[in-house]
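just a sequence and a predicted model for now, questions to come.
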Amino acid sequence: MGVSHEYFLAADRGAAVEQVIGPDGDRLGLDGLDVGGMDPHLALPRLIAFAAGIPPARGERPEPVSPDPDEVPYPHETSVVSGTAWDDGTLLEELPDAWRDALADVVEDGVPMLALQACDIDEAHFADYLHAEDSIRTFVGLAHRARTEGAHLYCLTSL
């Protein structure tokens, strides 16, 4: 069983939750980008740093949206996750708008170099350079659409 990271755009957190969870609590299919190993806490900050031409920002990180971050079970409690919204292995997070903008600012001619840099990120798992280039191009397009629409980027991580 692997970890999947699906990136998508939504107008706000409520809309993002609605895109992920249907009216009956069932997970819905997303119209987004499944980047597999592009973890939003390890690999993506490095990709953003490459895109922006700066070192990774230490203060910016994805913010939990769902399950409710105020209901996070703590390891010292007796029943850590069993029976909570956290036990299905999914996490929805909102990415910083600065990350969206850094990706949206990547010009077409910059995609090949960014893909080459992405291949050097140990935590990113691309099959080969062409897979990385295609994923980066799609990710840049998603970020550009999000910024143009005044929307935000979200990541749904599933185990």
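Good, I have the coordinates.

give the buried residues for the longest helix anywhere in the chain.
Assignment by DSSP state H gives helix 129-149 as the longest helix of the chain. For helix 129-149, the neighbour count (16 or more other C-beta atoms under 10 Å) marks 132-133, 135-140, 142-144, 146-147 as buried. For glycine as for every other residue, the C-beta is placed from the backbone atoms N, C-alpha and C.

please apply the same query to stretch 104-124.
104, 106, 111, 114, 115, 117, 118, 121, 124.

in helices only, show me the residues you listed.
Short answer: these in helices (DSSP H) are 104, 111, 114, 115, 117, 118.

which non-adjacent residue is nearest the third one?
Leaving aside its chain neighbours, residue 114 sits nearest to residue 136 (5.3 Å; criterion: C-beta to C-beta, 6 or more residues apart in numbering).

which helix or which strand is home to residue 40?
Assigned by DSSP states H and E, residue 40 belongs to neither a helix nor a strand.

which residues of the protein fall in helices?
Going by DSSP H, the chain shows helices at 13-20, 43-52, 97-104, 111-119, 129-149.

could the C-alpha coordinates of the first one be exported in PDB?
If I follow you right, that is helix 13-20. This file holds the C-alpha atoms of helix 13-20, laid out as PDB (Å, rounded to 0.1, in the frame of the first residue of the first chain):
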ATOM      1  CA  ARG A  13     -11.600  25.200   2.400                       C
ATOM      2  CA  GLY A  14     -15.400  24.400   2.400                       C
ATOM      3  CA  ALA A  15     -15.400  23.800  -1.300                       C
ATOM      4  CA  ALA A  16     -12.200  21.600  -1.000                       C
ATOM      5  CA  VAL A  17     -13.900  19.400   1.600                       C
ATOM      6  CA  GLU A  18     -17.000  19.100  -0.600                       C
ATOM      7  CA  GLN A  19     -14.800  18.000  -3.500                       C
ATOM      8  CA  VAL A  20     -13.200  15.300  -1.400                       C
END
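
show the average pLDDT along it.
Mean per-residue pLDDT for helix 13-20: 87.

what comes up buried for that helix?
Buried residues in helix 13-20 (16+ other C-beta under 10 Å): 16, 19, 20.

and those, which is closest to residue 59?
Distance to residue 59, by C-beta to C-beta, is smallest for residue 16 among the buried residues of helix 13-20, at 22.3 Å.

does that closest one touch residue 10 like I think?
Yes - contact criterion C-beta atoms under 8 Å: residue 16 and residue 10 qualify, at 3.8 Å.
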